[in-house]
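S.K.: 3D model of this:
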Amino acid sequence: MSQQETVGSQRAFGPNKAEDILVVRRDILLGENAWQGIRTLGLDQCLAAIRASGEYLPRDQMEVDPTYKQIIPYLIYRYEGRYFLMQRHAKASEKRLAGKLSLGIGGHIRREDVGSNDVFAWAHREFHEEVCYGGGLEIAPLGILNDDSNEVGRVHLGLVLLLEGDSCDISVKSELAGGHLATLEECQEQAHLMESWSQLVLAALVARK
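M.R.: Purely as a prediction, here's the structure:
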């Protein structure tokens, strides 16, 4: 994922042997010739495959098994044209992402987290676990993210969602060192410091501008 460790809790991308997380076999989701980057089409088919073939397996095993993809809602917060840009702590549980900048709030899905198959419900839960925010949200899909260019990305698949907020009163929790609202131009200036998933999302946002 860039990679996507949960922006915060021990449910981030760091190993946690006590957890079973939602995964789907790579061949079911991607076929033999996996596409790379963000696809804007196919979200419904992807969700159908997750519902039909999703399994809950131990996270420590899944972190090193590229025959499965861990399903990660990856949430992008925007307020009045500015995006919430975060930085992970230098001592984040996922060492491969330590200190990097991130546009995405993401987290593994555990069986006990899922009250329905509604991806928007997952998004609301994850968002409020990872940040302090008291405003309203409108959620829309941005696409499906696959990045096999690094060892983190090879075992994760992102469901990228845009959260349009009505408040600038937002702050980080957990493993994040800090966060602030930034324009696309400001994000581009710091793209080289971002995790790879955020770089891909940033490119997609710039292309939509």
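
S.K.: and the residue of the chain positioned farthest from its centre, which of the three is it?
M.R.: Distance from the C-alpha centroid of the chain, by Cα atoms, centre = their mean, peaks at E32 (23.6 Å). Secondary structure, DSSP: H, G, I helix; E, B strand; the rest coil: E32 is coil.

S.K.: how close does it sit to D147?
M.R.: 18 Å (Cβ to Cβ, to the nearest Å). (C-beta placed from N, C-alpha, C; glycine too.)

S.K.: same deal with E130?
M.R.: 21 Å.

S.K.: ok, which stretches of the chain are strands?
M.R.: 20-25, 37-39, 55-58, 68-79, 82-88, 101-102, 104-106, 131-133, 137-146, 156-165, 170-172, 176-182 (DSSP state E).

S.K.: Now tabulate these in TSV and tack on mean pLDDT and distance to D118.
M.R.: Formatted as TSV, these follow (pLDDT from 0 to 100; distance: least, Cβ to Cβ, whole Å):
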stretch	mean pLDDT	distance to D118
strand 20-25	95	14
strand 37-39	92	21
strand 55-58	95	18
strand 68-79	95	11
strand 82-88	91	23
strand 101-102	92	24
strand 104-106	87	17
strand 131-133	92	20
strand 137-146	93	10
strand 156-165	95	12
strand 170-172	90	23
strand 176-182	86	26
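
S.K.: Out of these, which is closest to R208?
M.R.: Ranking the strands of the chain by proximity to R208 (Cβ to Cβ) places strand 137-146 first, at 8.6 Å.
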